[in-house]
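**Q** Build me a model from this:
(one chain, ligands or ions: 1)
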Amino acid sequence: MLNWREKEIDLIATIKQNSRNYRIDLSKALDISIPLRGKASNVNAWYVDSPKIEPHISDGRKVKVSEGASVNFNNIEFNPHAHGTHTECVGHITKDFYSINKHLKKFFFLAEVVTIAPEKKENDFVISKKLMEYVLEGKNCDALVIRTLPNTKGKLTRQYSHTNPPYISEEAMRFLVSKKVEHLLIDLPSVDKEKDNGTLASHKAFWQIGGKIRTQATITEFIYVKNSIKDGPYLLNLQVAPFENDASPSRPVLYKILN
Ligand SMILES: N[C@@H](CC(=O)c1ccccc1NC=O)C(=O)O
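**A** Numbering: from 1, shown residues only. Next comes the predicted model:
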């Protein structure tokens, strides 16, 4: 229930791309990031400890208002690849350094939200080219947001290490590149198999390693798209915290396209 001061006010904008108009309501942001908490229940992968958010200790005392300090002043220790929603660039897998903060320079994209049930292939669950072709039939988008099934709140706290999560096949990735998808967002820890001896076939295919490297392309992992967000076209606002690193925590936000 909203009180009289909190009356919802629409904020309608029209976006024009290639002579097409898209209407969105900027007051209705759909956040698809996972909050990062300094707790053991925080989502986790890649065999690291949980993230820490703890008061800085100065002269043996916690810098915390409830402990007599004038401010709260926490140190934060986390790993962007392991602990939540993050966006990475090709620098994740290259000898050369590429910074996500330097290579993600536009922040709005036409996106498609799709839902996929990865298919069983031997002991793995895989997003195949066939599944990818099916969900992208007749669609064109700069950014693709993949929600995998089953989709439960467990994705906010899962401990993924040694669980062999689903991943995307190399052929499916090549298909995305042929469709000119530049920004891929997914609700899993990786687009590759957890234990692949460093092959990273899908990461390499997406950034076109060995060919003309797609330095502008990004992969966002560990999103969470709740079920109330329906499949379809959206405007995506994708931004990262300005770390000069291959990857950084990010907060993707969707706006439903109204027309
Ligand atoms: N699958 C790789 C490991 C890997 O992908 C990885 C390892 C640590 C942190 C992030 C990783 N991949 C993220 O997409 C391997 O088995 O060597």
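
**Q** where along the stretch 101-250 of the chain do the helices fall?
**A** Residue ranges of the helices in the stretch 101-250 of the chain, as given by DSSP state H, counting those that start in this stretch, are 129-136, 170-178, 201-207.

**Q** now, of these, which is deepest in the fold?
**A** Each of the helices of the stretch 101-250 of the chain was scored by mean neighbour count; the highest is helix 201-207, a mean of 23, by mean count of other CB atoms under 10 Å. In short, each C-beta sits where N, CA and C put it, glycine included.

**Q** Please work out which residues outside that helix touch it.
**A** Contact with helix 201-207 is made by 90, 92-93, 167-170, 172-174, 176-177, 184, 191-192, 209-210, 213-215, 217, 219, as judged by CB atoms under 8 Å, 6 or more residues apart in numbering.

**Q** near the ligand too, which of those?
**A** Here is what survives when the contacts of helix 201-207 are matched to the ligand using CB under 6 Å from any ligand atom: Asp192.

**Q** Give me the buried entries from the contacts of helix 201-207.
**A** Buried positions within these, assessed by neighbour count (16 or more other CB atoms under 10 Å), are 90, 92-93, 167-170, 172-174, 176-177, 184, 191-192, 214, 217, 219.

**Q** Spit out the contact partners of the nearest residue to Thr85 once chain neighbours are set aside.
**A** For Thr85, ignoring the flanking residues on the chain, the nearest one in space by CB to CB, 6 or more residues apart in numbering is Ser33 at 4.0 Å. Residues in contact with Ser33, defined by CB under 8 Å, 6+ apart, are 84-85, 223-224, 250-253.

**Q** just checking, what packs against the longest strand seen in the chain?
**A** If you go by DSSP state E, the chain has its longest strand at strand 108-116. The helices and strands touching strand 108-116, judged by 3 or more CB pairs under 8 Å, 6 or more residues apart in numbering; DSSP states H and E, are helix 129-136, strand 143-148, strand 183-186, strand 232-237.

**Q** Strands of the stretch 1-150 of the chain, start to end?
**A** Listed in chain order, the strands of the stretch 1-150 of the chain (DSSP state E, counting those that start in this stretch) span 12-17, 20-25, 30-31, 52-55, 57-58, 61-62, 74-77, 86-88, 108-116, 119-121, 124-127, 143-148.
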